Each structure stands twice: as C-alpha cells, then as structure tokens.
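**Q** Sequence first, then the predicted structure:
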Amino acid sequence: MAEQTHVLFVEDDDVIREATQLALERDGFVVTAMPDGLSGLAAFRSNQPDIALLDVMVPGLDGVSLCRRIRDESTVPVIMLSARADSIDVVLGLEAGADDYVTKPFDGAVLVARIRAVLRRFGHAGGSAGGAGAAANDGDGRVGGGVLVFGDLEVDTEGMEVRRGGAHVALTPTEMRLLLEFSAAPGTVLSRDKLLERVWDYGWGGDTRVVDVHVQRLRTKIGQDRIETVRGFGYKLKG
C-alpha cells in the first residue's frame with residue numbers, strides 16, 4: 001500500500017516538515033510537503049493525494065480552513081496535527097471534516113500506523129465495515145437487495161448509498177462506515193470504544209471526541225433524532 005500512497009503534508013515548521021517527510025518516505029510513501037495552507041490547497045488540487053496531513057496552525061490559510069476547502073471538493077481522508085490534545089482546534093478540525101487527528105510531538109511510527117489505519121478503512125469503505133456492510137439483517141428495516149430502511153432513511157449496503165426522503169445524502173467514507181455499524185444493529189447501543197475499534201480501526205485506546213463529533217456530523221445529514229444518545233453507554237440507531 002505505502003509504495004503507491006501519495007501524502008500531502010502541510011506544516012510550517014521547517015524541522016518538523018523535513019524530518020516527517022523523510023520518515024514517511026523511508027516507509028515508502030510519496031510525500032508532497034508544503035509550508036502554508038494556500039500552497040497546500042494548490043498542491044492538493046494539482047496532485048490529488050491519497051491522504052492529507054494538516055497542521056492546525058499554518059500561515060496563509062489555517063489547517064481547519066484548509067480542511068474545509070478540501071472537504072468541499074473531495075472525500076480524501078484528512079488527519080489533523082495539533083500541538084495540544086485538549087485544544088479546541090482538535091474539535092474544530094473534526095467538525096470541519098477531518099477523519100482523525102494526531103497530537104504533536106508524535107512518534108514517526110505512530111503517525112505511520114494512524115495513516116495506514118485510515119487508509120485501510122477507506123480502502124474497505126465499499127466492504128463490510130466490520131460486518132455492518134452485510135445485507136443480512138434479521139431485524140426491522142430490511143427490505144432486501146442490501147437496502148435497509150429506517151423511517152425516511154434508506155441505506156444501500158451494497159451500493160454504498162444513502163437516501164433521506166428520496167434525496168441522496170453525501171457521506172464521507174468514515175461517516176458511511178459509522179452509519180453501517182449502526183444500521184447493522186438498529187436499537188442496539190454501541191459504545192464509543194466499540195465504535196473506535198470498528199470504525200477507526202483502533203486496536204488501542206483513542207479519543208472518544210472523534211466519535212462524538214462524527215456522530216453529530218452524521219446526525220445533521222440523516223436527521224438529528226435518528227441516532228439516540230444513551231448516557232453513560234453510547235449511541236444507538238432508532239429502528
């Protein structure tokens with residue numbers, strides 16, 4: 001995978017940018033490194049990378065704004081880089097459409113693992129998503145042909161399409177995988193840790209804010225009341 005993967009890396013710190021680029025290239029990635037958001041956006045449009053790594057605090061066009069621009073044009077996976085784990089910038093980046101984030105300073109091996117985890121789930125976005133993409137569903141909502149119906153919401157688990165009230169709903173691959181997990185077991189509470197494991201491919205602990213923000217983003221697209229919060233436990237899809 002790594003030999004053919006093109007990474008766009010936007011970071012204004014020369015030392016971090018050069019060291020990280022070298023580390024990624026040693027792992028077989030092709031890297032386009034840019035020092036600011038405007039040159040990063042131009043590089044994204046001209047190179048069409050497989051994944052974007054965006055530092056939050058870059059000049060010209062900050063990382064959050066750059067993420068929004070990219071998300072307006074593409075569903076390419078985006079990982080935000082933030083110097084503070086508790087920063088509001090983390091949430092802003094996720095709300096802007098980022099799929100994950102990594103806290104600086106980071107270990108090169110950890111960054112590579114995160115990149116590969118994101119690419120794995122994007123590469124399998126048309127598959128089962130941890131079993132959720134299977135058409136078989138003995139509960140309510142099954143109408144055959146891989147289409148599940150929940151009120152005005154239709155989830156085509158084979159065509160990877162979603163419609164609400166007959167209108168197409170545009171989801172990112174991460175949002176689609178999240179919805180597939182809920183659709184596989186409507187009415188069943190899924191914990192944040194379980195969703196991190198199944199959707200984000202975390203074999204280790206992760207920040208549950210990633211789940212919370214993505215659930216909220218999904219709600220805005222399929223209906224605020226469709227996914228219910230079960231306090232102290234997690235979320236469930238209303239059948």
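**A** Arrived safely.
**Q** Which residue ranges make up each domain of this structure?
**A** Here the domain parsing of the chain from automatic domain parsing is 2-123, 147-237.
**Q** Quick one: the strands in the protein, in order.
**A** In the chain, the strands defined using DSSP state E lie at 6-10, 30-34, 51-55, 78-82, 100-103, 147-150, 153-156, 161-164, 167-168, 227-230, 234-237.
**Q** returning to that earlier point: CSV please, covering the domains of the chain and showing mean pLDDT and mean neighbour count.
**A** Yep, even glycine has a C-beta here, placed from its N, CA and C like the rest. Putting these into CSV (pLDDT from 0 to 100; neighbours: other Cβ atoms under 10 Å) gives the following:
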stretch, mean pLDDT, mean neighbour count
domain 2-123, 90, 18
domain 147-237, 91, 18
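**Q** Now for residue 67: which residues touch it?
**A** If you count contacts by Cβ atoms under 8 Å, 6 or more residues apart in numbering, residue 67 has them with 52, 54, 78, 80, 93, 96-98.
**Q** how about the nearest residue to it, chain neighbours excluded?
**A** Using Cβ to Cβ, 6 or more residues apart in numbering and skipping residues adjacent in sequence, the residue nearest residue 67 is residue 96, 4.3 Å away.
**Q** cool, and residue 233?
**A** Sequence neighbours aside, residue 189 is the residue nearest to residue 233 in space, at 4.9 Å (criterion: Cβ to Cβ, 6+ apart).
**Q** I'd say the residue nearest to residue 67 and residue 70 touch.
**A** No: contact criterion Cβ atoms under 8 Å: residue 96 and residue 70 do not qualify, at 9.0 Å.
**Q** pretty sure residue 63 contacts residue 90?
**A** No: look at residue 63 against residue 90 with Cβ under 8 Å: they stay out of range, at 10.9 Å.
**Q** Give me the common contacts of the two.
**A** 56, 80.
**Q** And the longest helix along the chain, how far out from the chain middle?
**A** In the chain, assigned by DSSP state H, the helix with the most residues is helix 108-123. Computed by Cα atoms, centre = their mean, to the nearest Å, the chain-centroid distance of helix 108-123 equals 11 Å.
**Q** returning to that earlier point: and of the strands of the chain, who's closest to residue 209?
**A** strand 100-103 (8.9 Å; Cβ to Cβ).
**Q** Only alpha carbons, please: show the closest one as CSV.
**A** What follows is strand 100-103, C-alpha atoms only, in CSV (Å, rounded to 0.1, in the frame of the first residue of the first chain):
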residue,chain,number,x,y,z
ASP,A,100,-8.8,11.7,12.7
TYR,A,101,-6.0,13.7,14.5
VAL,A,102,-2.6,13.1,15.9
THR,A,103,-1.1,15.1,18.8
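**Q** Please name every helix or strand in contact with that strand.
**A** In terms of contacts (3 or more Cβ pairs under 8 Å, 6 or more residues apart in numbering; DSSP states H and E), strand 100-103 is packed against strand 78-82, helix 88-95, helix 108-123.
**Q** Can you add distance to residue 38 and give these back as TSV?
**A** Listed next are the helices and strands packed on strand 100-103 as TSV, based on distance: least, Cβ to Cβ, whole Å:
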stretch	distance to residue 38
strand 78-82	17
helix 88-95	18
helix 108-123	24
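**Q** Between these, which one is closest to residue 214.
**A** Closest to residue 214 of the helices and strands packed on strand 100-103 is helix 88-95 (Cβ to Cβ; 7.1 Å).
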